[in-house]
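Okay, predicted coordinates and the sequence, questions at the end:
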Amino acid sequence: MLDKRVKPSFIVKYLDQYVIGQEEAKKILAVAVYSHYRKIAKTEQDGVEIAKSNVLLIGPSGSGKTLMCETLSRVLGVPFVTANATSLAQTRFVNDEIEAILQRLLEKAEGNINRAQQGIVFIDEIDKLKAQPDQPRATSGESVQHALLKIMEGAPVKIGDGRFVDTTNMLFICGGAFVGIEDIMAKTHGYGYLSTTAADDAGVLERLNTRVKPTDLFQFGLIPEFTGRLPIIARFQELEKKMLVRILTEPKNSIYNQFREIFRNEGVELNIETKVFGQIADIAIEYHTGARSLRGIFEEMINPVLFAVPDDNEIRRVDIASLFSTPVYTRGPRAG
Ligand SMILES: Nc1ncnc2c1ncn2[C@@H]1O[C@H](COP(=O)(O)OP(=O)(O)O)[C@@H](O)[C@H]1O
Ligand SMILES: [Mg+2]
């Protein structure tokens with residue numbers, strides 16, 4: 001099913017157009033999905049079942065985990081759904097929820113069971129399923145881990161219309177922030193003594209970053225059977241200011257490009273100084289939601305302009321030099 005051109009390097013190049021940074025994670029994921037779909041092809045050919053490797057993405061909120069999976073599914077041409085482990089842990093009917101997730105995947109595959117069976121399911125906030133000492137087992141995240149384990153290993157699941165969806169060839173990608181995992185890693189990996197200064201600490205953590213082990217996840221509170229099903233682990237880095245600026249301007253469908261297009265459709269050229277993107281990034285950093293708040297901050301800035309422009313046919317150019325100064329409108333006859 002997978003196009004011959006879709007090699008790991010091709011996948012990374014495609015991802016680069018939409019996802020800024022996270023180079024390590026891109027490579028790990030590209031190789032993982034490539035191997036995954038090669039395995040499926042091989043199994044179909046020889047009938048030899050090869051155990052599959054699902055993927056775990058560890059990184060802060062708003063660092064591009066969901067975006068990356070979504071973009072991956074697009075380049076692969078496979079259906080994609082996201083689910084949230086927190087909401088799975090809040091329902092008493094986990095299996096109904098799981099069925100609903102697969103139902104959505106089937107809808108994404110336009111009702112084609114075969115296509116759905118080779119889709120990607122992204123389950124976010126998996127770290128919220130960790131064992132809580134004061135929680136009864138039946139309603140705990142642990143029982144959700146068991147339920148997820150079953151479909152990750154591969155099982156036929158009966159969906160609403162009575163048909164069965166087999167999850168054997170689906171790729172499951174789990175995500176989570178795993179706050180505190182660094183402390184566990186620093187302890188269990190025994191590198192803590194190396195550091196003498198804060199800068200040293202950062203350097204050590206940097207090196208440890210790429211090497212989260214299943215045992216660390218177990219220490220964190222996930223059950224071993226579950227961590228065993230997630231042998232491939234990719235880390236997403238917190239996005240720094242420079243990255244946030246790039247996210248605003250660089251991707252094909254960047255926020256800036258989208259709004260330039262909106263203005264172009266009105267016959268108006270929108271020009272925003274580089275400095276402004278830095279100012280927006282600064283505010284986003286204060287919000288601690290990664291790139292997630294960029295759009296909201298940008299829209300707040302641009303809204304008054306979007307309000308004013310349609311009322312004035314003469315405007316043909318808008319210049320924004322700072323987030324804290326009034327936009328400058330240039331008037332003249334419009335082109336076209
Ligand atoms: N690395 C990135 N490159 C480009 N855009 C990003 C990146 N990270 C986050 N974004 C933007 O922020 C939004 C939220 O990111 P998301 O992928 O949902 O983060 P996560 O799943 O890690 O919490 C995305 O829709 C995207 O617009
Ligand atoms: Mg997400």
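Structure's in. What do you need? Ligands and ions are numbered 1, 2, ... in the order given.

does whichever residue of the chain sits closest to ligand 2 belong to a helix or a strand, and which?
Residue of the chain nearest ligand 2, by C-beta to the ion: T66 (3.4 Å). Any C-beta I mention is one placed from the backbone N, CA and C, and that applies to glycine too. Taking DSSP states H and E as the criterion, T66 maps to helix 65-76.

Check A131 too.
Applying DSSP H and E, one finds A131 in no helix or strand.

In space, what's closest to it - neighbours in sequence excluded?
G221 (4.5 Å; C-beta to C-beta, 6 or more residues apart in numbering).

Quick check: the residue of the chain closest to ligand 2 vs ligand 1, distance?
3 Å (C-beta to the nearest ligand atom, to the nearest Å).

Am I right that that residue is in contact with I120?
No - with contacts counted by C-beta atoms under 8 Å, T66 stays clear of I120, the gap being 11.4 Å.

Help me confirm that F122 is found in a helix?
No - under DSSP: H, G, I helix; E, B strand; the rest coil, F122 sits outside any helix and is assigned strand.

thought it was touching T71?
No - with contacts counted by C-beta under 8 Å, F122 stays clear of T71, the gap being 11.5 Å.

thinking again about what came up before, and T66 and I120? which has more neighbours close in?
I120 (23 against 17; other C-beta atoms under 10 Å).

mind listing what the closest residue to K130 other than its chain neighbours touches?
Among residues not flanking K130 along the chain, G221 sits closest, at 2.8 Å (C-beta to C-beta, 6+ apart). By C-beta atoms under 8 Å, 6 or more residues apart in numbering, G221 lies in contact with K130, A131, Q132.

Try it again at 10 Å.
127-133, 141-142, 145, 178, 180, 184 (C-beta atoms under 10 Å, 6 or more residues apart in numbering).

Buried subset of those, written for ChimeraX?
Filtering the contacts of G221 down to the buried ones (16 or more other C-beta atoms under 10 Å) takes a single ChimeraX command:
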select :127,128,129,130,141,142,145,178,184
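
Make JSON lines from the contacts of G221 and add secondary structure, distance to K39 and pLDDT to it.
Formatted as JSON lines, the contacts of G221 follow (DSSP: H, G, I helix; E, B strand; the rest coil; distance: C-beta to C-beta, whole Å; pLDDT from 0 to 100):
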{"residue": "D127", "secondary structure": "helix", "distance to K39": "27", "pLDDT": "95"}
{"residue": "K128", "secondary structure": "helix", "distance to K39": "30", "pLDDT": "93"}
{"residue": "L129", "secondary structure": "helix", "distance to K39": "27", "pLDDT": "93"}
{"residue": "K130", "secondary structure": "coil", "distance to K39": "30", "pLDDT": "90"}
{"residue": "A131", "secondary structure": "coil", "distance to K39": "32", "pLDDT": "81"}
{"residue": "Q132", "secondary structure": "coil", "distance to K39": "36", "pLDDT": "78"}
{"residue": "P133", "secondary structure": "coil", "distance to K39": "39", "pLDDT": "72"}
{"residue": "G141", "secondary structure": "helix", "distance to K39": "29", "pLDDT": "87"}
{"residue": "E142", "secondary structure": "helix", "distance to K39": "29", "pLDDT": "88"}
{"residue": "Q145", "secondary structure": "helix", "distance to K39": "24", "pLDDT": "93"}
{"residue": "F178", "secondary structure": "coil", "distance to K39": "27", "pLDDT": "95"}
{"residue": "G180", "secondary structure": "coil", "distance to K39": "34", "pLDDT": "90"}
{"residue": "I184", "secondary structure": "helix", "distance to K39": "31", "pLDDT": "87"}
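
Keep only those of the contacts of G221 that are also close to ligand 2.
Here nothing survives when the contacts of G221 are matched to ligand 2 using C-beta under 5 Å from the ion.

How far away from the center of its chain is the helix or strand where S35 lies?
Per DSSP H and E, S35 falls inside helix 23-46. Here helix 23-46 is found 18 Å from its chain centre; the criterion is C-alpha atoms, centre = their mean, to the nearest Å.

ok, now how distant is L306 from L56?
41 Å (C-beta to C-beta, to the nearest Å).

between those two, which one's more packed in?
L56 (26 against 14).

Please identify which helix or strand holds the more buried one.
Applying DSSP H and E, one finds L56 within strand 55-58.

does ligand 2 sit close to that strand?
No - using C-beta under 5 Å from the ion, strand 55-58 stays clear of ligand 2, with a minimum separation of 9.1 Å.

Can you list the strands that that strand pairs with?
Counting by DSSP bridges, the strands paired with strand 55-58 are strand 171-176 (parallel), strand 232-235 (parallel).
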